[in-house]
Structure formats: structure tokens, C-alpha cells
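**Q** here's my sequence, what's the structure:
(chains A and B)
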Amino acid sequence: MITGEIKAITMPKFGLAMTEGKVAAWMKSVGAEINVGDDIADIETTKITNAYESPVKGVLRRQVAQEQEELPVGALIAVVADKETTDAEIDQFIERFQAEFSSDQAAGETIAAPEPKAIDVGGRKIRILDTGEGEGAPIVFVHGFGGDLNNWMFNQPPLAEKRRTIAIDLPGHGGSAKETSGDLTSLAATVVETLETLGIGQAHFIGHSLGGAIVLALALEKPALAASLTLLAPAGLGDTVNRNYTEGFIAADRRKTLKPVLELLFADPSLVSNDMIDDLIKFKRLDGAINAMQAIEQANFKEGKQSTNFASRIGEIKAPITIIWGRQDQVVPMTDPAQLPQTLAFHILEKSGHMPQMEQSAEVNGLIDTFIAKVNG
Amino acid sequence: MSKKSYRQAINEAIASEMRRDPTVIVMGEDVAGGAGTKGQQDAWGGVLGVTKGLITEFGPERVLDTPLSEAGYIGAAAGAAATGLRPVAELMFIDFMGVCFDQIFNQAAKFRYMFGGKAVTPLVIRAMYGAGFRAASQHSQCLYPLFTHIPGLKVVIPSSPYEVKGLLIQSIRDNDPVIFFENKVMYDDIEEVPDEPYTIPFGEANLTREGDDVTIVAIGRMVKMANEAADRLEKQGITCNVIDPRTTSPMDFDTILDCVADTGRLVIVDEASPRCNMATDISAVVAQEAFGALKAPIKMVCPPHTPVPFAPNLEDLFVPNADRIEKAAKALMNYQIKEPA
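**A** All right, here's what the predicted structure looks like:
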């Protein structure tokens, strides 16, 4: 950071629907030295609470947002500068920022957030969120059973700062067409066709849960397509899955019954908010959604057993692989790293359940960023 | 997913069902609007423009402008439903239902029962209800209690744009006659509504707020008022459950009783006339089933027992609002049982 430069830290946007949020708690006090990637505050939205990582380096000079104060996305929450900057300069900076922000708001100008779009993939609607640009192979995110591209709300924006990133809604999920046979081969084929449609010849794949099994299948089938694989709590490397989750997710149709099912996803069950539950209930009400879930469950996780285990074949994949697993995963039991080739990087996150990309997003983003930088040389 | 109005959500629900199922038809006064004239075919799309555009996509064989005779075309719709179509009939204002009570109460509602289950009547009658539109006494009533009273009918009262789309698709797919209540003051309400078709099941209440102190049951547009009151009360340290029953027949009494068991205090907000309305009905069930849980008497927030006034200032006083709900909830919080002298 250039000496004398004053940087604004603003209310981030987590996910497509977020318009406002609040600082639930400050994690750095005024005067603290902070680095890029340090957790500076817990940001709370109606859907979820997440640690916010500093996008800048310097000294936290001012906490502008009060704890629990509701602020729109883009509002000033803190100011970072070096030690030498005077208080008067910081006051001036805040005053100017606030004046511009309120006039932008009055003019209805908000930060242009990337919007997902539906594309035609072989006559079928697939929704993607395509954001960021840069050199080299893009990142492609593939979510798990019952998820959608919003599962990457804490990962895609920071990772898109350096490169192109594409999050896909699998068939049956999110805003994509709901018809699917549900088997791994067809799901992997849809991901391949989506990339063909977009003219992408190679990508760094990040697969979560069922998405992990999908990118493993894809890398075995189309080796040239995979620059690297990052597997988060992946399916496809063990024999079982918690059927209370897979079957419970399909069966539950009310807040009361769905909540305990969703709590299985997290080490900290308090992360399951009513808004998160409502979003999933709304998804499950869409025509064809339940049929798709049932087809996927039957094809991949019937009676709590995984139908495909790539553990013995993972060594055939030439692309570098990183595996990240939450120690407290209650959905896909963690595979013993000793049973996998020792060339794989295997990271265990102590404070995560089945959703490390949400529960320990900063760590996961750091691991992915370092891994991809290394692969790219 | 994008933001849509209540009106647009209804239009989307009908259009998507017409695309999916060729037996779905629309009929009513001016639902297209240009029938028999040389002018624009799609002149009105219903009196407030809800069915606009349907005739262009589906043509006059499936979007039928009817004569100004509710007795005639509601009867025809019931017959069409019993013989294989899925009519969505628009009756404009629920207040006009009186001239076709026999077709609904004695015919449509009874077919399944009197033919030993061999006949189904997949009929939806859409109608506008509610005060606040400056439309005077004959166009402003909330007659859902009358229909809730009749076995064999289903009664649906959606409270928001998201709710109205899912509940209308469910209504069209349902095999029984459904009376579908649309609040005309809410047609321009906007919220996120999925583009795809989806259904919301009948008889499953929605909790729009959750709390520990007071349970508020609100019907139709009153859910908005109840949410506003609950948000204000929360700032004062009183947390509320707000229950939107969605359908009054079937009615999800289980959710109401569960919430009353937790809070011990009940406010019921109903825009219908206060005698024999949903508030009295729910009160009776709670008094019978959960008397021991009550910490205070049940409060009903309803209009006075008068016709809806035309004078705007009187009409505004007539319709229950967040202030009255807030006051009722606070009165329950402050209630103390008097010891006998």
C-alpha cells in the first residue's frame, strides 16, 4: 500500500439476494495492523453470518459501522490507512465517501453485482454465474446434492478478482432445467457440455460433495479438460453417506422438519437461519425439483451407500488434486488420507462440518488460491 | 427469479398451467375484453388487467369472454369441470357471488360427495375481495367465511406475490372446487417470485415471523399488517409468531395450536365482518383445544359490523391496521387475571 493512501472497507455482498447487512462483531480493534485476508469482522445477513476478510493491508484506523447497525451493501464500515495518516485526513475521507455514497444511493446507483444467466446447453437450460477475468484456465465450481451456485457466495467473489470463475447450477438444481437421470455420468457430461458451449478447453475444477464425485468422473473421462481438481468434502471416495441427510432433505417439506436436516451440514448448527431454510423450501417446491433429487439420490446414494468409489482410480488422474475436508463432517464421512495416494494434498479443517467453503471460507479460499498459483507455476 | 407484482404472479401461474395442460381454460367477464368488437382483442384482460395477454397466447377458444351473467357462466364452469376441463373462472368481485350460490354451494361443492366419489370438479373461481380500494360497500367485502362454511369447497387467501403464484398453480391442479381470493389492493405489491412453476400445498400455514410472546394469526392482506406490527413490537422487546394460514379450508389448526401452546397469547386479525368470521372460528377451536395454555383472553382485531364505508376517511378507520394489532398484543402482555374479592 502506498504511504498516505486511505482505503475504504465497505459492506460486502454475500450471495445474489443480499442488499444489506450488519457488523455482528468487530474482530480487529482500532489501531490493529491487518493483512489482506485477515478476518476483520463478522458480517451478518438474514441468511447467514460469515467472517469478512480484509481486502487491504494497513492499520485499522476507524470502525465506522457500529455493531448491529443495519447498512446497505457498499456502505462504509471501516477505514484502513497507515500510521502516519492524520485523524483529520481520515475524517475528511469519511466525509467525502459518505457524501458520494448517499448521492449515489439517492440516484439509485448501486454496485453492479454480477448476475447469473441461463444458457442453452444442448437444448437444456443451465444457469451459470460467470464472473471475473484473467490469464489462464478459469475456475469452475460444481456444487453438491441439493445445492446451487449460491453455495460459493463466500468463495467466488474473492477468487474472481484474479481470474475468470464460473459457478454452474447442476441439472435439477437452482435455475437449471429440472429433468435429469441423476447418474454421475450424465451430470459430468452436462458440466463438460456447458464448458464446450462456453468455449472453455481447460479449467480448475472445484467440486463440493456430489460435485466432487462429478469432477472426479469428469477428470477420468476427459483428462485434458482438468488443469486441477479441488475436492471439498467430496463424494466418490468412500462407501457411505449419511442417509438421514439425503433422504431427510427429500422428505422434509416444512421449516420444522427441514431445520434438523440442514443442521447436519454445519459444525455450528446456529448457521442455519430461517431464510436459508425458506430458500431451500422454495427450491423444493419448484416443479420437477423433488423428482430430480430423488433421481440423484437413487443413482448415487441409495440407502446411504455411495454407488461410485473412485479411491482406487484417483491415482490415474494426472491433474494435481487437493482435498479439503471438515473434521466435523456429518454428511460424507471423511476418507482416511492414508488410503489415498500420498501425492495428494489433504487438508483437514478442524472447525468445519460438511460446508468448509462457508464455515471456514477464508482458509478454503487461501488453500485454493495457493494451490492454483502453484499449478499454474 | 426476479421481482414481480401480485398481478403478474397470477398471470404467470395461469399461463404456465395453460401451457402445461390443454384442458385449462379461462372464462369470465372481460377476461380478454374485446370479444364481439372490431377493436383490440386484448383490450382489458379482466377488470384490473390480471389476465392480459392470455388471449394472444392461447386464443379465444381457451380464453372466453362471457356474458354479464354470473349465474350462467359459473354454472357452465362447474359443468365443464365435472366433464373434463379445468376452468379458471374469474368472478370479478366476490360480492357478486350471491347470484350463483346454488351453482357453487349445491352443485360444484356436492358433486364429489353425491356421486360417491366418481365425479371430480377441478374448478377454480378467482375473485377480488377486500376494502381499501375506494370501491364502496358492494365491491369491498371479504366473504371467505361464507365459503369456508361449506364442506366440499377449498378456500385460498394468498398474502403475497410469491404465495399467490404457488397457491394458484396448486388450485388449478387440485381436483376440488377452489374459491381463490385476490386482494385488489395488493395487485401492485412486489417481491421475488421464481420464473418456474411451483406449488404451495393447501392446509399448511406459513410462519412469517417467529417469537415467544404473542401469536398473531392473520388472513390474506392482514398478514402484511401483522408483520409490520410484529416488527415494531420486536423493537420494544415483544416477539411474535405471525401465522398466515394460507387456506381457511382446509385450515392448519395444528400450527395455530402449537404456537398458542408456546406463547399463551393469541391475536387474530381478520378483515371480514366480525360475526362468524375466521377470527371467531379460530377462537372457538383454540378455546376448546388449548384453554389451559392461554395466559390472557383471545383478542380479535376486526372491522366493525357495518357495510364497508365509501367515505375514504371512514374506510381507512374500518380496515384493521398495524397500530390496532400492536395495541392488542400489548394489551395481552399487560393482562393480569383479577383475583376474586
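**Q** the residue of chain A positioned farthest from its centre: which element?
**A** Distance to the chain centre peaks in chain A at A:Ala88, reaching 39.5 Å (criterion: Cα atoms, centre = their mean). Element membership for A:Ala88, per DSSP states H and E: helix A:87-106.
**Q** likewise B:Thr215?
**A** Going by DSSP H and E, B:Thr215 is in strand B:214-218.
**Q** mind listing residues that contact that strand?
**A** B:159, B:209, B:225-226, B:229-230, B:233, B:238-245, B:256, B:259-260, B:262-263, B:265-270, B:282, B:325, B:329, B:332-333 (Cβ atoms under 8 Å, 6 or more residues apart in numbering or on different chains). C-beta: built from backbone N, CA, C; applies to glycine.
**Q** now these: which count as buried?
**A** Using 16 or more other Cβ atoms under 10 Å in any protein chain shown as the burial test, the contacts of strand B:214-218 include B:159, B:209, B:225-226, B:229-230, B:233, B:238, B:240-245, B:256, B:259-260, B:263, B:265-270, B:282, B:325, B:329, B:332 as buried.
**Q** ok, residue 6 - contacts?
**A** Picked chain A for this. By Cβ under 8 Å, 6+ apart, the neighbours of A:Ile6 are A:Arg61, A:Val79, A:Val80, A:Ala81, A:Thr85, A:Glu89, A:Ile90, A:Phe93.
**Q** hm, I was asking about chain B
**A** B:Tyr6 touches B:Ser160, B:Pro161, B:Val164, B:Glu182, B:Asn183, B:Met186, B:Tyr187, B:Asp188, B:Asp189, B:Ile190, counting by Cβ under 8 Å, 6+ apart.
**Q** which members of those are the farthest-apart pair?
**A** Taking Cβ to Cβ as the measure, the contacts of B:Tyr6 span a maximum distance of 15.4 Å, between B:Glu182 and B:Ile190.
**Q** test my guess that B:Ala15 contacts B:Leu54.
**A** Yes - if you go by Cβ atoms under 8 Å, B:Ala15 and B:Leu54 touch, sitting 6.3 Å apart.
**Q** those two: which is more packed in?
**A** Regarding B:Ala15 and B:Leu54, a neighbour count based on other Cβ atoms under 10 Å in any protein chain shown identifies B:Leu54 as having more, with 22 against 18.
**Q** contacts only, for the more buried one.
**A** Contacts of B:Leu54 by Cβ under 8 Å, 6+ apart are B:Asn11, B:Ile14, B:Ala15, B:Met18, B:Val26, B:Val31, B:Ala32, B:Gly45, B:Arg62, B:Val63.
**Q** wait, which of these is closest to B:Asp213?
**A** Comparing those against B:Asp213 with Cβ to Cβ picks out B:Asn11 as the nearest, at 39.7 Å.
**Q** element containing that closest one, please.
**A** Short version, using DSSP H and E: B:Asn11 is in helix B:6-20.
**Q** how far off centre is that helix?
**A** 17 Å (Cα atoms, centre = their mean, to the nearest Å).
**Q** next one: stretch A:359-372
**A** 10 Å.
**Q** quick check: mean pLDDT of it?
**A** Regarding stretch A:359-372, the rounded mean pLDDT is 94.
**Q** for stretch A:86-101, same thing?
**A** 90.
**Q** how about it: buried residues?
**A** Buried residues in stretch A:86-101, counting neighbours by 16+ other Cβ under 10 Å, are found at A:Ile90, A:Phe93, A:Ile94, A:Phe97, A:Phe101.
**Q** what of stretch A:341-358?
**A** A:Leu344, A:Phe346, A:His347, A:Leu349, A:Ser352, A:Gly353, A:His354, A:Met355, A:Pro356, A:Gln357, A:Met358.
**Q** for the second one, give its distance to chain B.
**A** What it means is A:Phe346. Distance, A:Phe346 to chain B, using Cβ to the nearest Cβ, to the nearest Å: 38 Å.
**Q** list the strands paired with the helix or strand hosting that residue, with their directions.
**A** Here A:Phe346, judged by DSSP H and E, is contained in strand A:345-349. Strand pairing for strand A:345-349, using DSSP bridges, gives strand A:321-326 (parallel).
**Q** so for B:Glu182 and B:Ile190, which sits in the more crowded spot?
**A** Taking neighbours as other Cβ under 10 Å, B:Glu182 and B:Ile190 compare with B:Glu182 leading, 26 against 14.
**Q** quick check: beta-bridge partners of that one?
**A** B:Met128.
**Q** how near is it to A:Thr180?
**A** Between B:Glu182 and A:Thr180 the computed distance is 35 Å (Cβ to Cβ, to the nearest Å).
**Q** just B:Ala81 next, same as before
**A** B:Ala81 sits 34 Å away from A:Thr180, taking Cβ to Cβ as the criterion.
**Q** looking at the two, which is more packed in?
**A** Between B:Ala81 and A:Thr180, B:Ala81 has the larger neighbour count (other Cβ under 10 Å), namely 25 against 22.
**Q** which ones are touching that one?
**A** Contacts of B:Ala81 by Cβ under 8 Å, 6+ apart are B:Pro87, B:Ala108, B:Val120, B:Thr121, B:Pro122, B:Leu123, B:Pro177.
**Q** re earlier: so which of the buried residues of stretch A:86-101 comes closest to A:Val272?
**A** Using Cβ to Cβ as the measure, the one of the buried residues of stretch A:86-101 that approaches A:Val272 most closely is A:Phe101, at 32.8 Å.
**Q** pretty sure that closest one sits against A:Leu71.
**A** No - using Cβ under 8 Å, A:Phe101 is not in contact with A:Leu71; the gap is 10.1 Å.
**Q** tell me the one among the contacts of A:Ile6 nearest to chain B.
**A** Comparing the contacts of A:Ile6 against chain B with Cβ to the nearest Cβ picks out A:Val79 as the nearest, at 29.7 Å.
**Q** doesn't the closest one belong to a strand?
**A** Yes - judged by DSSP: H, G, I helix; E, B strand; the rest coil, A:Val79 forms part of a strand.
**Q** ends of stretch B:89-99, what's the gap?
**A** With Cα to Cα, to the nearest Å as the measure, the ends of stretch B:89-99 fall 15 Å from one another.
**Q** farthest from the middle of chain B: give me that residue.
**A** B:Ala341 (46.5 Å).
**Q** any chance of the contacts of B:Tyr6 in JSON lines, plus distance to B:Arg134?
**A** Shown next, in JSON lines, are those (distance: Cβ to Cβ, whole Å):
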{"residue": "B:Ser160", "distance to B:Arg134": "23"}
{"residue": "B:Pro161", "distance to B:Arg134": "22"}
{"residue": "B:Val164", "distance to B:Arg134": "22"}
{"residue": "B:Glu182", "distance to B:Arg134": "17"}
{"residue": "B:Asn183", "distance to B:Arg134": "14"}
{"residue": "B:Met186", "distance to B:Arg134": "15"}
{"residue": "B:Tyr187", "distance to B:Arg134": "14"}
{"residue": "B:Asp188", "distance to B:Arg134": "15"}
{"residue": "B:Asp189", "distance to B:Arg134": "18"}
{"residue": "B:Ile190", "distance to B:Arg134": "21"}
